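> Quick one, structure for this:
(one chain, ligands or ions: 1)
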Amino acid sequence: MKKETKRINLILFGPPGSGKGTQAKILEEKFGLLQVSTGDLFRYEIGNNTPLGQKAKAYMNEGKLVPDEVTVAMLKNKLEMHPDVRGYILDGFPRTIAQSEALDILLSERGESVDKLIALVVDEDEIVSRLLERGKTSGRADDANEAVIRNRIAVYHEETARVYNYYDKKGISMEVSGMGDIDEINARLSVIIDDLVSCC
Ligand code: AMP
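I've put the predicted structure just below:
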C-alpha cells in the first residue's frame, strides 16, 4: 500500500535581511516545497497596482506591518491556490501572534499544523549592511533608506520576535546561525529539513 505523505509546514523565520528569501528559494528547489513569501505577494500586488497593493504600499514604504486581516486573507488565498504541494516554506509570515493563531486555525481545518519554525540568527550590523547593499539593486524602497531599515528591525523586535516564543511553547522552534556564506547556511538548514521530509 502506498504510504500517505504528510504535508510539511515550515516557517523560515528571522529579521529582515537574515536571508530567509534567499534560502527559501534554494530549499524550494531542493525539496520540492512551495515558498510562500508575503512580502513577494505584496510586491506583486503593488506592481499590478491592485486595490490590495494600494492598501499595502504605504505600510511597506515606512517599514510597518500591513494589517493582519489583509495579510491573513492574502496568505489563505495563496495556500488555497496550491493545495497539492509537498509542503510550504512560509517566508515572512507569521509576523504577529494574531497571524500565528490565524495560521494555526487555517492548518487545523485541514488536519495539519506547523511542523517547525527555523529562525536564522544574524548580527544586527550585518543585517543593516546586507539590506543597504541589497537596496542598491533590488529596487525596493524599503531597502534604500537606513531609517526605514532600522524601523523594520525595531518592528521585528517589538512585534515579530514573540512569534518564536509562541511556537517554542509548542516545542517546535529552533535557531540556526544565518552567518556565513549562502551554501554553508543552506547546508545547516538542509539537515533539518531532510529529517522532516524523511520522517513524514
Ligand atoms: P519582506 O519582503 O518579508 O521583508 O516584507 C516586506 C514588507 O512587507 C514588510 O516590511 C511589511 O511591510 C510587509 N509584510 C510582509 N509580510 C508581512 C506580514 N506577514 N505581516 C505584515 N506585513 C508584512
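> in the protein, which spans are helices?
20-31, 38-47, 51-61, 68-81, 97-108, 124-138, 146-155, 161-168, 182-199 (DSSP state H).
> Dump those into CSV; add mean neighbour count, mean pLDDT and distance to the ligand as well.
Heads up, the C-betas are built off the backbone N, CA and C, glycines and all. Below are those laid out as CSV (neighbours: other CB atoms under 10 Å; pLDDT from 0 to 100; distance: least, CB to the nearest ligand atom, whole Å):
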stretch, mean neighbour count, mean pLDDT, distance to the ligand
helix 20-31, 18, 97, 7
helix 38-47, 18, 97, 2
helix 51-61, 16, 96, 4
helix 68-81, 16, 96, 4
helix 97-108, 17, 98, 6
helix 124-138, 15, 91, 9
helix 146-155, 16, 93, 5
helix 161-168, 16, 98, 10
helix 182-199, 14, 94, 17
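> Let me know which of those helices is the nearest to Ile8.
helix 182-199 (5.4 Å; CB to CB).
> Other residues contacting that closest one?
By CB atoms under 8 Å, 6 or more residues apart in numbering, the residues outside helix 182-199 that reach it are 8, 10, 12, 19, 22-23, 26-27, 30-31, 33, 86-87, 115-116, 118, 120, 174, 176-179.
> now with 10 Å?
By CB atoms under 10 Å, 6 or more residues apart in numbering, the residues outside helix 182-199 that reach it are 5-6, 8-10, 12, 18-19, 22-24, 26-27, 30-33, 86-87, 89, 115-116, 118, 120, 122, 174, 176-181.
> try stretch 129-140
Defining contact as CB under 10 Å, 6+ apart, one finds that stretch 129-140 is touched by 15-19, 21-22, 39, 43, 60-61, 122-123, 141-146, 148-150, 152-153, 178.
> repeat that with 7 Å
The contact list for stretch 129-140 (CB atoms under 7 Å, 6 or more residues apart in numbering) reads Pro16, Gly17, Asp143, Ala144, Glu146, Ile149.
> mind listing what the residue positioned nearest the centre of the chain touches?
Centrality entry for the chain: nearest residue to the mean C-alpha point is Asp91, 1.6 Å, by CA atoms, centre = their mean. Residues near Asp91 by CB under 7 Å, 6+ apart: Leu12, Lys20, Gly21, Ala24, Gln35, Val36, Ser37.
> and it, what are its bridge partners?
Following DSSP bridges, Asp91 is listed with bridge partners Leu12, Ser37.
> Sweet, I'm off.
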